[in-house]
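Asks: following is a predicted model, sequence given first.
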Amino acid sequence: MKKILVLNLGSTSSKVSVFTNYDMLFEDVIRHNIEQTNLPLIDQVPIRLESIKKSLEQHQISLQAIDAIACRGGVLKPVEGGTYLINDMMYHDLKTFKYGFHASNLSGVIGYELSQELSIHSYIVDPVVVDELIPDARITGIKGIERRSIFHALNHKSVAKQYASEIGKKYEDINVIVAHLGGGISVGAHRKGRVIDVNDGLLGEGPFSPERAGSIPNDALIKWVIDHDFTVIEANNELSKHSGLLSYFGTNDFIKVEEMMANGDETAKLVLDAMCYQISKSIGSCAVVLEGQVDQIILTGGLSYSKYLINKVKRYVSWLQNVTIYEGEKEMHALNVGVMDLLHGKISTKSYE
Ligand SMILES: Nc1ncnc2c1ncn2[C@@H]1O[C@H](COP(=O)(O)OP(=O)(O)O)[C@@H](O)[C@H]1O
Ligand SMILES: CCCC(=O)OP(=O)(O)O
């Protein structure tokens, strides 16, 4: 019997679970306040570590009882999907944010540090840099600039596999469009088990989200950076953490903005409707990428709890194909499965080099 600690640190929350083999013992979703998530990422390590330890204490699970740690992987070099042992090089790349800044880097940083203390192994599964883009999807209008694949790969693949298994098929045999709708938004075209196109869900592409800007007109963006005298890091930080709903309403909490709309705030309604419109447009472009051969549209993530958003998006896209909703995300289970399958010898460890 194995006990797996699962860590999934996102932009607004830290999710902590312990599994015994494939059974979840508990899942805690610790929602961090904006003062905490505004801190530089590396300064959030002690705060998030403390809340992870508190969560284990509350469930009366000692760290010494843990056999392995499964972490949601961060911004690394592009890799194929799979389960990776966290080694010194990966820890270094995560901790120094060598390939980009995102809260998911902290899962691996904290997981690796804990695993060293406990003399056990820590792993990442299907990190946000899983890259299966087709060549055409990489080209931009400027030579030397390529599009990159950075998205909620773990949840995308997990819900797509769940849907496939529910209809008695293999993920590798179906085409689906998955829209992950959380603090960040990514909408991807899955063709026979590979995500052949997807918006960069972290910086500057696709629909705006509770805290991200999405695509912005080039000329306005250039002027905005110059007017504010932003460095690259500052501009990226603004685009990925202080934009979207947060820039309009001072909150990244979709529920609060929905309440404002329900209380008659017309701007709240306009902006939420525009978010649904942009999500739907992205789903439409994925249908084109899949040449109309779409078996299902899947909506998932925290925002998919919203009946308002779901109904709006359905109105735009249900003529394309049926829509399945998997509220929240299945990332904790997917992380555990990635490590348990490895410990049971069903898959082999991939190495980050
Ligand atoms: N029941 C709900 N109805 C509408 N929005 C929700 C609901 N629950 C969570 N959300 C929103 O989902 C967003 C966070 O998505 P989530 O996937 O949980 O976070 P993260 O991207 O940090 O992992 C927040 O804007 C939150 O307000
Ligand atoms: C798109 C990379 C992963 C990501 O942005 O996750 P969150 O939306 O949870 O911040």
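Replies: Perfect, thanks for sending it. Ligands and ions are numbered 1, 2, ... in the order given.
Asks: is it true that residue 120 touches residue 64?
Replies: No: checked against Cβ atoms under 8 Å, the pair residue 120 and residue 64 is beyond contact range at 9.7 Å. Where you see a C-beta, it was placed from the backbone N, CA and C, and this is true even at glycine.
Asks: look at the two and report which has more neighbours.
Replies: Ranked by neighbour count (other Cβ atoms under 10 Å), residue 120 and residue 64 place residue 120 first, with 15 against 8.
Asks: identify the residue spatially nearest to the more buried one, adjacent ones excluded.
Replies: Among residues not flanking residue 120 along the chain, residue 68 sits closest, at 5.7 Å (Cβ to Cβ, 6 or more residues apart in numbering).
Asks: and the gap between that neighbour and residue 124?
Replies: Using Cβ to Cβ, to the nearest Å, we find residue 68 at a distance of 12 Å from residue 124.
Asks: which one of these two has more residues nearby?
Replies: Remark: of residue 68 and residue 124, residue 124 carries more neighbours, 33 against 22, as counted by other Cβ under 10 Å.
Asks: three-state assignment of residue 24?
Replies: What DSSP: H, G, I helix; E, B strand; the rest coil gives for residue 24 is strand.
Asks: OK, contacts around it?
Replies: 17, 18, 332, 333, 336 (Cβ atoms under 8 Å, 6 or more residues apart in numbering).
Asks: what is the burial count for the residue in the stretch 201-350 of the chain positioned nearest to ligand 2?
Replies: Residue of the stretch 201-350 of the chain nearest ligand 2, by Cβ to the nearest ligand atom: residue 201 (3.2 Å). The burial count assigned to residue 201 is 28, neighbours taken as other Cβ under 10 Å.
Asks: same question, the one 3 residues further on
Replies: As a burial measure, the neighbour count of residue 204 was computed by other Cβ under 10 Å and equals 17.
Asks: now do residue 111
Replies: The number of residues near residue 111, taken as other Cβ under 10 Å, comes to 28.
Asks: for the protein, what lies in contact range of ligand 2?
Replies: Within the chain, the positions adjacent to ligand 2 are 10-11, 102-104, 128, 150-152, 182-184, 186, 201-202 by Cβ under 6 Å from any ligand atom.
Asks: related to what we said a few turns ago, can you tell me how far the residue of the stretch 201-350 of the chain closest to ligand 2 sits from ligand 1?
Replies: For residue 201, the distance to ligand 1 equals 10 Å [Cβ to the nearest ligand atom, to the nearest Å].
Asks: show residues contacting stretch 79-86.
Replies: Outside stretch 79-86, the residues that reach it (Cβ under 8 Å, 6+ apart) are 71, 73, 90, 94, 108, 111-112, 115, 121-127, 129-132, 153, 157, 338-339, 341-342, 347, 349-352.
Asks: pull out the buried positions in that stretch.
Replies: Residues of stretch 79-86 classed as buried by neighbour count (16 or more other Cβ atoms under 10 Å): 79, 81, 82, 83, 84, 85, 86.
Asks: chain center to it: distance?
Replies: For stretch 79-86, the separation from the chain centroid amounts to 16 Å (computed by Cα atoms, centre = their mean, to the nearest Å).
Asks: pLDDT on it, on average?
Replies: For stretch 79-86, mean pLDDT is 92.
Asks: then stretch 242-257?
Replies: Here the average pLDDT along stretch 242-257 is 96.
Asks: mind listing what's buried in it?
Replies: For stretch 242-257, by 16+ other Cβ under 10 Å, it's 243, 244, 245, 246, 247, 248, 249, 252, 253, 254, 257.
Asks: what about that stretch, how long is it end to end?
Replies: Start-to-end span of stretch 242-257 (Cα to Cα, to the nearest Å) is 15 Å.
Asks: do that stretch and ligand 1 meet?
Replies: Yes: for stretch 242-257, a contact with ligand 1 is found by Cβ under 6 Å from any ligand atom, at 252, 253, 254, 255.
Asks: domain parsing for the protein?
Replies: 3-130+331-343, 153-327 (automatic domain parsing).
Asks: centre of the chain to the last one, how far?
Replies: Relative to the chain's own centre, domain 153-327 is displaced by 11 Å; criterion: Cα atoms, centre = their mean.
Asks: where along the stretch 251-353 of the chain do the strands fall?
Replies: Taking DSSP state E, counting those that start in this stretch, the strands of the stretch 251-353 of the chain run over residues 296-301, 323-327.
Asks: for the ones you listed, which one ends up most surrounded?
Replies: Counting by mean count of other Cβ atoms under 10 Å, strand 296-301 has the highest mean neighbour count of the strands of the stretch 251-353 of the chain, with a mean of 24.
Asks: ok, and what's touching that strand?
Replies: If you take Cβ under 8 Å, 6+ apart as the criterion, strand 296-301 is touched by 152, 155, 159-160, 163, 174, 176-182, 185, 283, 310, 313, 317-318, 320-330.
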